[in-house]
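**Q** Quick one: sequence and predicted model below, then my questions.
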Amino acid sequence: MRSPAPLARMTQRKDYLAANAGKRAPMPGFVLIVRARGDDDATMRIGITVSKKVGNAVTRNRMKRRFRALVREVLPIDGVVGADHVLIGRASGIERDYSALKTELSKALAKVKR
């Protein structure tokens with residue numbers, strides 16, 4: 001069994017703007033955007049964004065923590081190697097069950113790979 005590609009965080013705004021041109025997979029709790037970088041680096045980068053429309057700071061931070069846990073669990077198995085992955089939180093995502101979010105993320109990754 002091969003080892004999964006390493007995960008890294010996206011930190012710069014230009015990376016988020018570049019990823020915006022990627023493939024989208026809208027789900028009830030979030031929108032997933034995946035864009036292959038085209039370099040020879042196998043690292044999967046992840047970016048998480050939750051706007052103020054979703055709720056107050058406590059709600060947004062809780063949602064981001066849930067997304068980080070999801071990413072650590074699902075991305076090494078189903079993620080696109082050498083691509084940027086951006087999760088955009090939706091207002092309905094905070095009350096969704098964790099297992100439902102997990103299956104949605106796997107489903108979204110499969111949709112983007114097609």
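**A** Yep, it's here. All figures in this text were calculated on a predicted structure; none of them were measured in a lab.
**Q** From now on I want contacts and neighbour counts done on CA atoms only, so please keep to that.
**A** Noted.
**Q** now the helices for this structure?
**A** For the chain, the helices defined by DSSP state H occupy 13-19, 57-78, 98-113.
**Q** can you tell which of those helices is closest to Thr43?
**A** Evaluated over these, closeness to Thr43 peaks at helix 57-78, with 10.3 Å, by CA to CA.
**Q** quick one: the closest one to helix 98-113, angle?
**A** Interaxial angle of helix 57-78 relative to helix 98-113 (axes from the mean of the first three to the mean of the last three CA atoms, to 10 degrees): 50 degrees.
**Q** average pLDDT for helix 57-78?
**A** Averaged over helix 57-78, pLDDT sits at 93.
**Q** Alpha carbons only: can I get that helix in PDB?
**A** Provided in PDB are the C-alpha atoms of helix 57-78 (Å, rounded to 0.1, in the frame of the first residue of the first chain):
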ATOM      1  CA  ALA A  57     -17.400  33.800  15.100                       C
ATOM      2  CA  VAL A  58     -18.100  30.900  17.500                       C
ATOM      3  CA  THR A  59     -20.200  29.200  14.800                       C
ATOM      4  CA  ARG A  60     -17.700  29.800  12.000                       C
ATOM      5  CA  ASN A  61     -14.800  28.500  14.100                       C
ATOM      6  CA  ARG A  62     -16.600  25.400  15.100                       C
ATOM      7  CA  MET A  63     -17.500  24.800  11.400                       C
ATOM      8  CA  LYS A  64     -13.800  25.200  10.400                       C
ATOM      9  CA  ARG A  65     -12.700  22.800  13.100                       C
ATOM     10  CA  ARG A  66     -15.200  20.200  11.800                       C
ATOM     11  CA  PHE A  67     -13.900  20.700   8.200                       C
ATOM     12  CA  ARG A  68     -10.300  20.300   9.300                       C
ATOM     13  CA  ALA A  69     -11.200  17.000  11.000                       C
ATOM     14  CA  LEU A  70     -13.000  15.900   7.900                       C
ATOM     15  CA  VAL A  71     -10.100  16.800   5.700                       C
ATOM     16  CA  ARG A  72      -7.600  14.800   7.900                       C
ATOM     17  CA  GLU A  73      -9.900  11.800   7.700                       C
ATOM     18  CA  VAL A  74     -11.100  11.800   4.100                       C
ATOM     19  CA  LEU A  75      -8.500  13.600   1.900                       C
ATOM     20  CA  PRO A  76      -5.600  11.200   2.300                       C
ATOM     21  CA  ILE A  77      -7.900   8.400   0.900                       C
ATOM     22  CA  ASP A  78     -10.000  10.200  -1.700                       C
END
